[in-house]
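Enquirer: Below: sequence and its predicted model.
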Amino acid sequence: QKEVEQNSGPLSVPEGAIASLNCTYSDRGSQSFFWYRQYSGKSPELIMFIYSNGDKEDGRFTAQLNKASQYVSLLIRDSQPSDSATYLCAVGAGGFKTIFGAGTRLFVKA
Amino acid sequence: AAGVIQSPRHLIKEKRETATLKCYPIPRHDTVYWYQQGPGQDPQFLISFYEKMQSDKGSIPDRFSAQQFSDYHSELNMSSLELGDSALYFCASSATRTRDATNEQFFGPGTRLTVL
């Protein structure tokens, strides 16, 4: 079992809809959680980070963390075609080590 | 705003050759991370440095070594290259606020290494 699990997708949503991306992790001691967006052949771009249980909103993006369920999610409201990318969930594994999930491919249809 | 700089952007080597990748972190960032990303795969953590000392080690082969210099730039040295080393190599940097939890990392554009 991978330490960080994501549905590889692809997840397809129409323009203007809400895209919901999910991630589970195995290390109960993890304390830091990140969502990165990666376009093909480009570097990961940090979108959101969350350290505490609950919701964190930034513009069209909301990160949700539930440490008891070892679950973190990313909601993208009013999805745009430019949001089409691979979304990587990353979990701090203690110290400076970070474990990435395999990523979920998102397609936003115009 | 200044970003992470990596050089070279592209590198082609033969099997058994050596390669050196360079990373210049965002100014005032004290931590550098190296990742390897194969085609269609997630970034695999290789190694990190905090204040010029190795801080954590991931799935870095023994053929690879890295260090962080006094100006905080870092170099990843790869020897006895194999075909399977062909990948995108990313460097990321962060300004460390706490050593108990991973901090937000900002990635460079990557070096695409091709081993023939």
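Expert: Good, I have the coordinates. Residues are numbered from 1 along each chain as shown, chains lettered A, B, ... in the order given.

Enquirer: Report how many residues lie close to the residue in chain A that chain B sits nearest to.
Expert: Per CB to the nearest CB, the residue of chain A with the smallest distance to chain B is A:Gly92, at 3.0 Å. (Glycine included, C-beta is placed from N, CA and C.) Number of residues near A:Gly92 (other CB atoms under 10 Å in any protein chain shown) recorded here: 24.

Enquirer: Surely it touches A:Phe33?
Expert: Yes - checked against CB atoms under 8 Å, the pair A:Gly92 and A:Phe33 is within contact range at 7.3 Å.

Enquirer: count of neighbours near the nearest residue to A:Phe96 once chain neighbours are set aside?
Expert: Among residues not flanking A:Phe96 along the chain, B:Ser48 sits closest, at 4.0 Å (CB to CB, 6 or more residues apart in numbering or on different chains). When neighbours are defined as other CB under 10 Å, B:Ser48 has 28 of them.

Enquirer: Surely B:Ser48 is in contact with B:His29?
Expert: No - counting by CB under 8 Å, B:Ser48 stays clear of B:His29, with 12.0 Å between them.

Enquirer: Buried residues in the helix or strand of chain B with the lowest mean pLDDT, which are they?
Expert: In chain B, the helix or strand scored least confidently by mean pLDDT, DSSP states H and E is strand B:53-57, which has a mean of 89. The neighbour-count check on strand B:53-57 (16 or more other CB atoms under 10 Å in any protein chain shown) flags B:55-56 as buried.

Enquirer: List the beta-bridge partners for residue 37.
Expert: With no chain named, the answer covers chain A. Under the criterion DSSP bridges, A:Arg37 forms beta bridges with A:Glu45, A:Tyr87.

Enquirer: Correction: the question concerned chain B.
Expert: B:Leu88.

Enquirer: hey, where'd the strands end up in chain B?
Expert: Taking DSSP state E as the test, the strands found in chain B are B:5-7, B:10-13, B:19-24, B:31-37, B:44-50, B:53-57, B:64-68, B:74-78, B:87-94, B:106-107, B:111-115.
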